[in-house]
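*Asks:* test case, fold it:
(one chain, ligands or ions: 2)
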Amino acid sequence: MNRRELDVSVESAALDVRDLRVAFVQYERGLRRRVVEAVRGMTLSAHPGEVVALVGASGAGKSLFGHAVLGMLPPNARATGEVRLGGRLLDEAARRRLAGRGLVLLPQGGSYLDPTARVGAQVRRAARLAGRRDPAAAAREALAERGLEAGVERLYPHELSGGMARRVVGAVAGVGDPAVVIADEPTPGLHPEAVAAALQGLRRTADGGAAVVLITHDLRGALGVSDRVVVCRAGSTVDEAAVADFAGDGAGLAHPYTRALWQALPGHGFRAPAEPGAAS
Ligand SMILES: Nc1ncnc2c1ncn2[C@@H]1O[C@H](COP(=O)(O)OP(=O)(O)OP(=O)(O)O)[C@@H](O)[C@H]1O
Ligand code: NI
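*Replies:* Residues are numbered from 1 along each chain as shown. Ligands and ions are numbered 1, 2, ... in the order given. From the prediction side, this is the model:
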């Protein structure tokens, strides 16, 4: 099922997540059962054509959000809340079936590419999974659209530069014409031009009609390509702000934590906000 089959219209959000919660069941010394709530109320929606940034500190629950939406949590995790795709309420199993097709996750750490397979095979596989009738042609086209010539198909991931790898990832993500792309921290470890290229790749994916959720620590980088910013802290989404509100001394930002994140950026002359529980 791809974007057309999901029947995503501009009126309904492609992705609509309400009050998502994720708890882990843990056993202490094999006996005492303990439930730890890692995500405690995350709400986010993204419309076709939009890039919505999900920003927050390390451990805030951003990656869990992505995994929960895809229905890919570890077995000891329990998720609750409502996840709609194209207006339809779907359970975890239904979302897992859409993974790689209507719904794509680019996981944190760049492990999205299989190091043992050639680029061409990987993009063709994504095209096949997405139901493209001629996977080879679709793969060639997806790579060419991103400025990669046919020879790239024969390369292995370790033979790609950072920027090329990201474009290949973009091709893998975009070849099925997905309704929703969740990109988890797509930029660490890349040099600045490659970071910009990767973010622009996501922007183009959205301009092509997908709803993109950009998970990142990099508020400044996110502002360059996003339409809205959702801020999370300690497992909860605490604010949603328009990109235009991130200006000057942050007076346009209503939420104190969002304002503190903005003011903590280098050049703004303020200190980073303390994390809950952190020693000050
Ligand atoms: N399998 C698990 N079992 C127990 N707790 C977990 C598990 N996976 C994640 N957590 C906890 O959930 C919280 C959120 O983790 P998550 O990976 O979503 O953070 P994040 O916002 O993506 O951080 P980062 O920016 O560092 O990637 C963390 O406190 C983490 O310890
Ligand atoms: Ni993460």
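*Asks:* would you map the helices across the stretch 51-200 of the chain?
*Replies:* All helices of the stretch 51-200 of the chain, identified by DSSP state H, counting those that start in this stretch, fall at 62-69, 92-98, 119-129, 135-145, 162-174, 192-207.
*Asks:* could you save these as JSON lines and add columns showing distance to G224, mean pLDDT and mean neighbour count?
*Replies:* Glycine gets a C-beta too; all of them are placed from N, C-alpha and C. Formatted as JSON lines, these follow (distance: least, CB to CB, whole Å; pLDDT from 0 to 100; neighbours: other CB atoms under 10 Å):
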{"stretch": "helix 62-69", "distance to G224": "19", "mean pLDDT": "96", "mean neighbour count": "23"}
{"stretch": "helix 92-98", "distance to G224": "29", "mean pLDDT": "93", "mean neighbour count": "15"}
{"stretch": "helix 119-129", "distance to G224": "27", "mean pLDDT": "89", "mean neighbour count": "21"}
{"stretch": "helix 135-145", "distance to G224": "21", "mean pLDDT": "93", "mean neighbour count": "19"}
{"stretch": "helix 162-174", "distance to G224": "16", "mean pLDDT": "80", "mean neighbour count": "23"}
{"stretch": "helix 192-207", "distance to G224": "7", "mean pLDDT": "78", "mean neighbour count": "18"}
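*Asks:* list the contacts for the nearest residue to N76 once chain neighbours are set aside?
*Replies:* Nearest residue to N76, sequence neighbours excluded (CB to CB, 6 or more residues apart in numbering): V25, at 5.0 Å. Contact partners of V25, counting by CB atoms under 8 Å, 6 or more residues apart in numbering, are R33, R34, V35, N76, A77, R78.
*Asks:* likewise R125?
*Replies:* R125 neighbours (CB under 8 Å, 6+ apart): A117, P135.
*Asks:* flag every residue of the chain that's near ligand 1.
*Replies:* 24, 38, 56, 58-64, 74, 108, 217 (CB under 6 Å from any ligand atom).
*Asks:* let's see 5 Å
*Replies:* Neighbours of ligand 1 within the chain, by CB under 5 Å from any ligand atom: F24, A38, S58, G59, A60, G61, K62, S63, L64, P74.
*Asks:* pick the one among the contacts of V25 closest to R228.
*Replies:* A77 (27.4 Å; CB to CB).
*Asks:* so how far is V212 from the closest residue to V69 other than its chain neighbours?
*Replies:* Spatial nearest neighbour of V69, chain neighbours left out: V83 (5.8 Å); criterion: CB to CB, 6+ apart. Going from V83 to V212 by CB to CB, to the nearest Å gives 16 Å.
*Asks:* for D177, same thing?
*Replies:* For D177, the distance to V212 - CB to CB - is 13 Å.
*Asks:* how about A121?
*Replies:* A121 sits 25 Å away from V212, going by CB to CB.
*Asks:* hang on, the earlier thing: who has more neighbours, V83 and V212?
*Replies:* V212 (32 against 22; other CB atoms under 10 Å).
*Asks:* how big is the angle separating the helix or strand hosting that one from helix 162-174?
*Replies:* Counting by DSSP states H and E, the element that carries V212 is strand 211-216. Using axes from the mean of the first three to the mean of the last three CA atoms, to 10 degrees, the direction of strand 211-216 lies 140 degrees away from that of helix 162-174.
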